[in-house]
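# Here you go, sequence then predicted model.
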Amino acid sequence: MERIEPSRRNFLQATAGGLIVSASLTSADTNAAEAGPAVRVANPLSGDVLRTRAELSPDAQVLREQPREVPVVGKSDVLVCGGGPAGIAAALAAARAGATVQLIEVAGCLGGVWTAGLLTKILDSENKSGIMAELLRAFSERGSAIANQTNGTVYDPEVAKLVLEERCLQAGVKIRLHTRLVGAVTDSHRRVIAVLTESKSGREAWLAERFVDCSGDGDLAAHAGCRFDLGVGEACECQPMSMMALLTGLDADKVRPYIRETASSAKSLLLSLMEQHGMSPSYRGPTLRHLHSDIFSIMTNHEYGVSAFDANAISEATIRARREVHDLVSGLRHIGGPWKNISIVATAEQIGVREGRRIRGRYQITADDLAAGLKHEQAVCTAKFPIDVHALNTHGNKEISREFKQGGHQPYDIPYPALIAADVDGLLLAGRCISGDFVAHSSYRVTGNSVPMGEAAGRAAAVSIQRLVMPHELRWSEIRSSG
Ligand SMILES: Cc1cc2nc3c(=O)[nH]c(=O)nc-3n(C[C@H](O)[C@H](O)[C@H](O)COP(=O)(O)OP(=O)(O)OC[C@H]3O[C@@H](n4cnc5c(N)ncnc54)[C@H](O)[C@@H]3O)c2cc1C
C-alpha cells in the first residue's frame with residue numbers, strides 16, 4: 001500500500017476531497033443551508049433539527065435521501081470507536097503517548113460489557129501488567145472487600161463506570177457518549193480519513209490521523225470496507241447472547257454453596273436447584289456472584305441464533321431475556337428459605353453480545369495457534385483463557401460445546417499484526433473484533449485480553465503518527481520501546 005505523508009495539512013486536504021457521504025438531511029426550515037456553502041448546524045439549545053429531504057420510490061420500498069453537508073465536529077490525532085474494555089485502554093494509551101484522542105461511545109457510560117452489560121468478572125487478567133493491572137488496582141481499592149480479595153477481578157460496575165471516566169478525563173481523552181458510529185470514509189489510497197456518527201446532535205463527521213475500532217462488532221472496519229468473518233459454518237452461527245442482572249435480598253452466608261467464587265460445583269448446584277423447582281434456564285451454567293454487602297450478579301440466560309446486526313432480532317432477544325431473568329428470579333423467590341427475599345436491582349441495559357465481526361487483519365489467530373501455544377516475536381500479550389464456545393443452539397444445550405475444544409490449548413501470544421486491519425491503512429483493531437478464527441476468538445475475547453490489546457493499539461496509533469508511518473510499517477518492539 002502506498003505510503004502517505006501524514007502531515008495535518010495533507011491529511012485535511014485529502015479529507016476534504018475524499019468525503020463521500022450517503023445520508024441527506026437538509027433543512028426545510030431555512031434557506032441558508034440551500035443557498036450558501038456554509039454548513040447549517042442544528043442549534044442544540046433551541047432543540048432545532050435539520051429536517052430530512054427525501055423522495056419515496058413509486059413502489060414505496062425505498063426512501064431516497066438527498067445529499068447534504070455534514071458538519072465536521074472533531075479533529076483528533078486518534079479516534080477510538082467504542083468505550084468498552086478495549087476502547088478505554090486504547091484511548092488511555094494513545095493519550096498518554098501524547099496524542100489528542102476522541103473516544104466515541106454509543107452507550108451512556110464507558111465500560112461496554114463491564115458496565116452497560118453488568119458483567120462483574122474480569123477473566124484472564126492475572127498475568128497482565130500496564131493498564132489492566134492499573135484498573136484492577138483501582139477496582140480493588142475503590143470497591144468492596146470482595147473486589148479486594150479477588151484483586152479487582154470481581155468488581156462493581158458502578159465503581160468501574162466512575163474509574164474509567166476519571167482515568168480518561170485525567171489523560172485528556174475527549175469523551176462523546178450517546179453517539180453511534182454509522183459510517184467511515186476512506187481516501188483514494190484506502191486510508192481511513194473520517195467517520196460519521198448519529199446522535200441527538202444529528203449526523204456529524206470526525207477526522208483523525210489514526211482510528212482504532214474497539215466497537216466489539218467491528219463496525220468502523222466494516223464501514224471502511226474491510227473484509228471480515230462471522231461465526232462458524234455457512235450459516236455464520238454465533239455464540240448466544242446473554243442478559244446479565246444485579247440482585248439483592250440474599251444473605252451471602254446462606255447461599256454460599258451457589259456462589260461461583262466459592263466452589264466449582266456452584267453452577268451445577270444452582271442448576272439442580274432450579275430444575276428441582278420446575279425452572280429450566282436457557283443457560284445451563286447459571287452463575288451467581290457476590291459483589292458486595294447484599295448485592296449479587298447472575299447470568300442465567302442464553303439467546304440463541306440472534307444476529308448482532310439485526311436490530312429487530314436483538315430487540316426481541318432483549319425483551320425475551322429480561323422476561324426470563326425476571327421469571328427465574330421469581331421462581332427462586334418462591335422456593336423460600338434463603339431465596340425468599342431475592343429481587344432484581346437491575347437488568348443490563350445492553351444484552352451481552354459474545355460475537356460480532358472478526359475483522360481480517362495482517363495476522364489471523366487460529367485454533368492451531370492455541371493448540372501449539374503460539375510464541376510470536378510481536379506479542380502484545382499472552383492469553384491463557386481456554387477455548388470457551390457456549391452452546392450455539394438448544395440441541396443438547398451443553399454449557400460448552402466440547403467439539404471445538406478437540407485441538408486443545410496452551411498459553412499463546414496475541415501478535416501485533418492481528419490488531420492491524422488488512423484492507424485499509426490507518427486502522428487498528430482491539431478487543432473481540434481483532435483478526436482470528438471462530439475457536440481462537442472464543443478464548444482471546446475475554447476482557448483480560450481486550451485491555452492489553454487496546455493498550456497496544458492505542459500506543460501503536462500514537463507512535464505511528466510521531467514516526468510519520470502507518471501502523472503496519474512499525475514492529476511491536478519499536479512501538480513498545482518508543483517514548
Ligand atoms: C454475557 C457475556 C458474558 C461474558 N463473561 C465474561 C467474563 O466473565 N469475563 C470476561 O473477562 N469476559 C467475559 N465476556 C467477554 C467479554 O465481555 C467481551 O468479549 C469483551 O467485552 C470484549 O471487549 P470489547 O471492548 O472488545 O467489547 P465490548 O465490551 O462489547 O465494548 C464495545 C463498546 O463499543 C460500543 N459500540 C459498539 N458499536 C458502536 C458504534 N457503532 N458506535 C459507538 N460505539 C459502539 C459498545 O456500546 C461498547 O461500549 C462475556 C461476554 C458476554 C457477552
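Great, that's in hand.
# quick one: strands adjacent to the one helix or strand S297 maps to?
For S297, the enclosing helix or strand under DSSP states H and E is strand 295-299. When pairs are called by DSSP bridges, strand 295-299 turns out to pair with strand 244-248 (antiparallel), strand 287-292 (antiparallel).
# Keeping just the C-alphas, turn that strand into PDB.
In PDB, the C-alpha atoms belonging to strand 295-299 read as follows (Å, rounded to 0.1, in the frame of the first residue of the first chain):
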ATOM      1  CA  ILE A 295     -25.600  -7.100  46.000                       C
ATOM      2  CA  PHE A 296     -25.100 -10.100  43.700                       C
ATOM      3  CA  SER A 297     -25.000 -10.700  39.900                       C
ATOM      4  CA  ILE A 298     -26.500 -13.500  37.900                       C
ATOM      5  CA  MET A 299     -26.000 -14.900  34.400                       C
END
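# immediately after the strand ranked longest in the chain, which helix or strand?
The longest strand of the chain (DSSP state E) is strand 202-213. Going down the chain from strand 202-213, the next helix or strand is helix 219-223, by DSSP H and E.
# Tell me which other helices or strands that next one touches.
Secondary-structure packing of helix 219-223 (3 or more CB pairs under 8 Å, 6 or more residues apart in numbering; DSSP states H and E): strand 180-186, strand 192-199, strand 202-213, strand 427-429. Backbone N, C-alpha and C define where each C-beta goes, glycine included.
# out of these, which comes closest to G336?
strand 180-186 (44.9 Å; CB to CB).
# Centre of the chain to the closest one, how far?
Chain-centre distance of strand 180-186: 16 Å, with CA atoms, centre = their mean, to the nearest Å.
# which of the residues in that strand are buried?
Using 16 or more other CB atoms under 10 Å as the test for burial, strand 180-186 gives L181, V182, G183, A184, V185, T186.
# Direction included, what does that strand pair up with?
Take DSSP bridges as the rule and strand 180-186 pairs in its sheet with strand 192-199 (antiparallel).
# now what about the strand it pairs with, what contacts it?
With CB atoms under 8 Å, 6 or more residues apart in numbering as the test, strand 192-199 has contacts from 11, 14-15, 18-19, 21, 23, 70, 72, 79, 81, 104, 176, 178-187, 203-208, 211, 220, 223-224, 424-427.
# Repeat the analysis, applying 6 Å as the threshold.
Contacts to strand 192-199, defined as CB atoms under 6 Å, 6 or more residues apart in numbering, come from residues 14-15, 18, 178-187, 204-207, 211, 224, 424, 426-427.
# before we move on, what about stretch 145-159?
With contacts defined as CB under 6 Å, 6+ apart, stretch 145-159 is touched by T115, L118, K121, I122, L136, F139, S140, R142, G143, H290, L291, H292.
# What does the pLDDT read for R8?
Listed pLDDT for R8 reads 39.
# swap in S22?
In this model, S22 is scored at 29, pLDDT.
# Around the ligand, pick out the residues from the stretch 51-200 of the chain.
For the stretch 51-200 of the chain, the contact set with the ligand under CB under 6 Å from any ligand atom comprises 81-87, 104-107, 112-113, 119, 121-123, 180-181.
# Could you dump the buried residues of strand 180-186 into JSON lines with distance to A94 and pLDDT added?
Formatted as JSON lines, the buried residues of strand 180-186 follow (distance: CB to CB, whole Å; pLDDT from 0 to 100):
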{"residue": "L181", "distance to A94": "17", "pLDDT": "98"}
{"residue": "V182", "distance to A94": "23", "pLDDT": "98"}
{"residue": "G183", "distance to A94": "22", "pLDDT": "98"}
{"residue": "A184", "distance to A94": "18", "pLDDT": "98"}
{"residue": "V185", "distance to A94": "21", "pLDDT": "98"}
{"residue": "T186", "distance to A94": "21", "pLDDT": "98"}
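# what's the neighbour count on the residue lying closest to A95 once chain neighbours are set aside?
Of all residues not flanking A95 in the chain, A171 sits nearest, at 4.0 Å (CB to CB, 6 or more residues apart in numbering). For A171, the count of nearby residues is 16 (other CB atoms under 10 Å).
# show me the contacts for A171.
L92, A95, R96.
# For PyMOL, write the selection for the buried entries among these.
The buried residues among the contacts of A171 can be selected in PyMOL (16+ other CB under 10 Å) with this line:
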select buried, resi 92+95+96
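# just the contacts of A171 now: which is nearest the ligand?
L92 (12.9 Å; CB to the nearest ligand atom).
# ok, now which ones touch that closest one?
Counting by CB under 6 Å, 6+ apart, L92 touches I131, R167, A171.
# And the longest helix anywhere in the chain, what does it pack against?
Longest among the helix segments of the chain by residue count, using DSSP state H, is helix 311-335. Secondary-structure packing of helix 311-335 (3 or more CB pairs under 6 Å, 6 or more residues apart in numbering; DSSP states H and E): strand 343-347.
# ok, now with 10 Å
Under the contact criterion of 3 or more CB pairs under 10 Å, 6 or more residues apart in numbering; DSSP states H and E, helix 311-335 touches strand 244-248, helix 266-276, strand 295-299, strand 343-347.
# Now the longest one - C-alpha only, PDB.
Spelled out, that is helix 266-276. What follows is helix 266-276, C-alpha atoms only, in PDB (Å, rounded to 0.1, in the frame of the first residue of the first chain):
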ATOM      1  CA  ALA A 266     -21.700 -23.800  42.400                       C
ATOM      2  CA  LYS A 267     -23.100 -23.600  38.800                       C
ATOM      3  CA  SER A 268     -24.400 -27.200  38.700                       C
ATOM      4  CA  LEU A 269     -25.800 -26.900  42.200                       C
ATOM      5  CA  LEU A 270     -27.800 -23.800  41.200                       C
ATOM      6  CA  LEU A 271     -29.000 -25.500  38.000                       C
ATOM      7  CA  SER A 272     -30.200 -28.600  40.000                       C
ATOM      8  CA  LEU A 273     -32.000 -26.300  42.500                       C
ATOM      9  CA  MET A 274     -33.700 -24.500  39.600                       C
ATOM     10  CA  GLU A 275     -34.700 -27.800  37.900                       C
ATOM     11  CA  GLN A 276     -36.000 -29.300  41.100                       C
END
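# Please point out which parts of it sit buried.
A266, K267, L269, L270, L271, L273, M274.
# pLDDT averaged over it, what's the number?
In this model, helix 266-276 has an average pLDDT of 97.
# which stretches of this structure have low pLDDT?
Scanning the chain with the threshold set as pLDDT under 70 gives 1-38, 395-402, 483.
# want to try CSV for the contacts of A171, with secondary structure as columns?
Formatted as CSV, the contacts of A171 follow (DSSP: H, G, I helix; E, B strand; the rest coil):
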residue, secondary structure
L92, helix
A95, helix
R96, helix
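# that older thread, redo the strands paired with strand 295-299 as TSV? Include distance to the ligand and mean neighbour count.
Shown next, in TSV, are the strands paired with strand 295-299 (distance: least, CB to the nearest ligand atom, whole Å; neighbours: other CB atoms under 10 Å):
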stretch	distance to the ligand	mean neighbour count
strand 244-248	6	21
strand 287-292	8	21
